[in-house]
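>>> I would like the atomic coordinates for the input below:
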Amino acid sequence: MSHPRSQAARPAVRTRQPAAAASVLSGSPAAVTGGLARLLLSAAPTAVVAYAGSAADAAAASAIARRAHAPLLLMSGRAATGTEESRIRSAIRALAPRALITVGVDGRALVAGLPGTKLVAMSRALTPAVNGRPLRGVTVLVRASSPATGSATAIAAATTAEAAGARVIYLPSFDLQTDPAAISELAATRPQRVIAVGSRFGPVSLLAYRLAVAETGVQLPGGGQVLFPMRRIVALYGSPGTAALGALGQQGLAASIARARAVARKYAAISRIPVIPAFEIIATIAQGSPGRNGTYSYESSVRALRPWIRAAAKAGLYVTLDLQPGRASFLTQAKHYRSLLMLPDVGLALDPEWKLGPRQLPLRQIGSVGIGEVNSVVSWLARLTARYRLPQKLLELHEFRLTMIRGISRLDTRHGDLAVVINMDGQGAPRTKQQTWAAVVAGAPHGVFFGWKDFYVKDTPMLGPRATLRHRPEPVLISYQ
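Numbers count the residues shown, from 1 in each chain. The predicted model follows:
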């Protein structure tokens, strides 16, 4: 163990606390690495500069910088010129290093205007710096699967962050909500400042929102806070206790969970992505009589649905509440289940087949809805999800005729809080359903996923899992009625 006096005599890195709670660094390798060094450090006894175009140079420079406890800066060329020379020299000047080590670049021009900085060839002769005040509560996000992989910029950023004593989180994608491990780490540490390296993490408002959701630590069944394309949902459709309305109501709660898991396992055996069992519960049921509110739709009580939702969540299932509104509006009925939709693993489905006009009756026609009413639900559900910092929520739209959602090309798909799935729920022979599928896919707007519905009785014959997954685009949601 070093003697305290010898430790105090060693050159020291001086850190600084970033001002902004969230930052996104973008631009050239010189801009990003220089910017990060200036955000985290006010002084460094040694700095290392390397050529960004060579992975080998970046890796070698990182090893040197780590030994010296020094920041690592990058240049796009072997020799600094123009704006990049000015930017790199400015970063070095701000750090005021006594020694500069270069790997793969010409360092003579860099130190020419820096009289206090000497170009050093042998890094082993340097005394490694110490960090008397490591940055606590500061996290740097880099796009790389591990410290040894990723771009030269990611390697350099991680090296500088470690020199400053900041925490580094390596992410396989630019969306941190797709990484279960990163979500858990952010929830456990709750950093005060986060710096993301790369423009695709931003803009800053998006990064800040994703951080707020990640720090809740709440994850979807299967992990992460984004539904698709990370997973596939396989659901039993129906109403608890009503066998005639679908597979979900043909057995009790415990048996329904077991059945949903059994169906999902058939897909898990052939799926490239994790498969999550699910319930799609008909929460409001179209009926032949007007009922006490005159809507021709029976609304299940929240109290009646809650035990099924609790048991499903405990068993790792996702739940979707399906609305058959009759003459009611979809938005009015959705708001009735607000307390259930505030749960992280509960989504919403709209079934326009059962949407009636003022003088229409159930089973006399195929219903339809205008896109304005659908978009009102989209906006409300997105605001609810954002307000309570929930993981991405499923919004499923049933469709087997293009007239069912009038103006679907204007569907609002801008909300990252929602994963919108158009579920082709037609029935009949495979050839007929394939034609319907092709029409639904061709008529869909950009930004949606697709689902497929299998009917145990009304399909002639019903497709098996392999045939169902042959559809293109590959369905992310399959439901069974």
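>>> A strand includes residue 452, no?
Yes. Secondary structure of residue 452 (DSSP: H, G, I helix; E, B strand; the rest coil): part of a strand.
>>> okay but it is in contact with residue 424, surely?
Yes. Using CB atoms under 8 Å, residue 452 is in contact with residue 424, at 5.8 Å. For glycine as for every other residue, the C-beta is placed from the backbone atoms N, C-alpha and C.
>>> identify the contacts common to the two.
Shared contacts of residue 452 and residue 424 (CB atoms under 8 Å, 6 or more residues apart in numbering): residue 437.
>>> show me where the stretch 301-450 of the chain has its strands.
318-323, 346-350, 369-370, 393-399, 405-406, 418-424, 449-454 (DSSP state E, counting those that start in this stretch).
>>> who does the third one touch, helix- and strand-wise?
Contact here means 3 or more CB pairs under 8 Å, 6 or more residues apart in numbering; DSSP states H and E; on that basis strand 369-370 packs against strand 405-406.
>>> what's the strand it packs on packed up against?
Judged by 3+ CB pairs under 8 Å, 6+ apart, strand 405-406 is in contact with strand 369-370, helix 371-387.
>>> ok, residues contacting it?
352, 368-371, 374, 397, 399, 411.
>>> strand partners of that strand, parallel vs antiparallel please.
If you go by DSSP bridges, strand 405-406 pairs up with strand 369-370 (parallel).
>>> for the record, mean pLDDT for stretch 264-278?
Mean pLDDT, computed over stretch 264-278, is 97.
>>> run the chain-centre distance for that stretch.
Taking CA atoms, centre = their mean, to the nearest Å, one finds stretch 264-278 lying 20 Å from the centre of the chain it belongs to.
>>> that one: end-to-end distance?
8 Å (CA to CA, to the nearest Å).
>>> can I see the domain layout of this protein?
4-214, 232-480 (automatic domain parsing).
>>> okay, those in a markdown table with mean neighbour count and distance to residue 221 next?
As requested, these are exported to a markdown table (neighbours: other CB atoms under 10 Å; distance: least, CB to CB, whole Å):
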| stretch | mean neighbour count | distance to residue 221 |
| --- | --- | --- |
| domain 4-214 | 19 | 11 |
| domain 232-480 | 18 | 5 |
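>>> ranking the ones you listed by mean pLDDT, which is last?
Averaging pLDDT over each of these singles out domain 4-214 as the lowest, with a mean of 90.
>>> now the closest residue to residue 47 other than its chain neighbours: how far from residue 75?
Nearest non-adjacent residue to residue 47, counting by CB to CB, 6 or more residues apart in numbering: residue 97, 4.2 Å away. Residue 97 is 16 Å from residue 75, where distance means CB to CB, to the nearest Å.
>>> now do residue 111
14 Å.
>>> re the thing from before, list the contacts of the residue nearest to residue 47.
Counted by CB under 8 Å, 6+ apart, residue 97 has contacts 44-47, 70, 117.
>>> repeat for residue 449
Applying CB under 8 Å, 6+ apart, the residues contacting residue 449 are 228-229, 419-422, 473, 475-477.
>>> which residues does it bridge with?
Taking DSSP bridges as the rule, residue 449 bridges to residue 421.
>>> in this protein, which strand is the longest?
Counting by DSSP state E, the longest strand found in the chain is strand 275-286.
>>> returning to that earlier point: quick one: closest of the helices and strands packed on strand 405-406 to residue 206.
Residue 206 lies closest, by CB to CB, to one member of the helices and strands packed on strand 405-406: helix 371-387, at 11.7 Å.
>>> just the angle between the closest one and strand 318-323, please?
150 degrees (axes from the mean of the first three to the mean of the last three CA atoms, to 10 degrees).
>>> want to throw the contacts of strand 405-406 into JSON lines with distance to residue 102?
Shown next, in JSON lines, are these (distance: CB to CB, whole Å):
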{"residue": "352", "distance to residue 102": "65"}
{"residue": "368", "distance to residue 102": "68"}
{"residue": "369", "distance to residue 102": "65"}
{"residue": "370", "distance to residue 102": "65"}
{"residue": "371", "distance to residue 102": "60"}
{"residue": "374", "distance to residue 102": "59"}
{"residue": "397", "distance to residue 102": "58"}
{"residue": "399", "distance to residue 102": "61"}
{"residue": "411", "distance to residue 102": "54"}
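>>> and the strands in the stretch 151-300 of the chain?
167-171, 193-197, 232-238, 275-286, 297-299.
>>> farthest pair in the contacts of residue 449?
229 and 422 (14.9 Å).
>>> so who does residue 395 touch?
347-350, 377-378, 381, 418-421.
>>> the same query, at a cut-off of 6 Å, please.
Applying CB atoms under 6 Å, 6 or more residues apart in numbering to residue 395 gives the contacts 348, 381, 418, 420.
>>> and which of the contacts of residue 449 is nearest to residue 312?
Distance ranking of the contacts of residue 449 against residue 312, using CB to CB, places residue 477 first at 15.8 Å.
>>> identify the bridge partners of the closest one.
Beta-bridge partners, per DSSP bridges, of residue 477: residue 233, residue 451.
>>> where exactly do the helices run in the stretch 1-150 of the chain?
Applying DSSP state H, counting those that start in this stretch to the stretch 1-150 of the chain gives helices spanning 4-9, 29-40, 55-68, 82-95, 108-112.
>>> can you list these in TSV and add distance to residue 462?
Putting the helices of the stretch 1-150 of the chain into TSV (distance: least, CB to CB, whole Å) gives the following:
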stretch	distance to residue 462
helix 4-9	73
helix 29-40	54
helix 55-68	52
helix 82-95	63
helix 108-112	70
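>>> wait, which of the contacts of residue 449 is closest to residue 278?
Scanning the contacts of residue 449 for proximity to residue 278, where the rule is CB to CB, the winner is residue 477, at 8.3 Å.
>>> circling back to that earlier point, ok, the contacts of residue 449 vs residue 288, which is closest?
residue 422 (28.2 Å).
>>> the closest one touches residue 443, doesn't it?
No. If you go by CB atoms under 6 Å, residue 422 and residue 443 don't touch, sitting 9.1 Å apart.
>>> need the strands of the stretch 151-300 of the chain in a markdown table (columns: distance to residue 254).
Supplementary listing: the strands of the stretch 151-300 of the chain in a markdown table, determined by distance: least, CB to CB, whole Å:
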| stretch | distance to residue 254 |
| --- | --- |
| strand 167-171 | 39 |
| strand 193-197 | 43 |
| strand 232-238 | 13 |
| strand 275-286 | 13 |
| strand 297-299 | 25 |
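>>> quick one, which of the strands of the stretch 301-450 of the chain gets closest to residue 436.
Between those, strand 418-424 lies closest to residue 436; by CB to CB that is 6.0 Å.
>>> the closest one packs against which elements?
Counting contacts by 3 or more CB pairs under 6 Å, 6 or more residues apart in numbering; DSSP states H and E, strand 418-424 is packed against strand 393-399, strand 449-454.
>>> tell me the strands beside the first one, with direction?
Next to strand 393-399 in the sheet, as set by DSSP bridges, lie strand 346-350 (parallel), strand 418-424 (parallel).
>>> a markdown table for the ones you listed, including distance to residue 391?
As requested, the strands paired with strand 393-399 are exported to a markdown table (distance: least, CB to CB, whole Å):
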| stretch | distance to residue 391 |
| --- | --- |
| strand 346-350 | 10 |
| strand 418-424 | 10 |
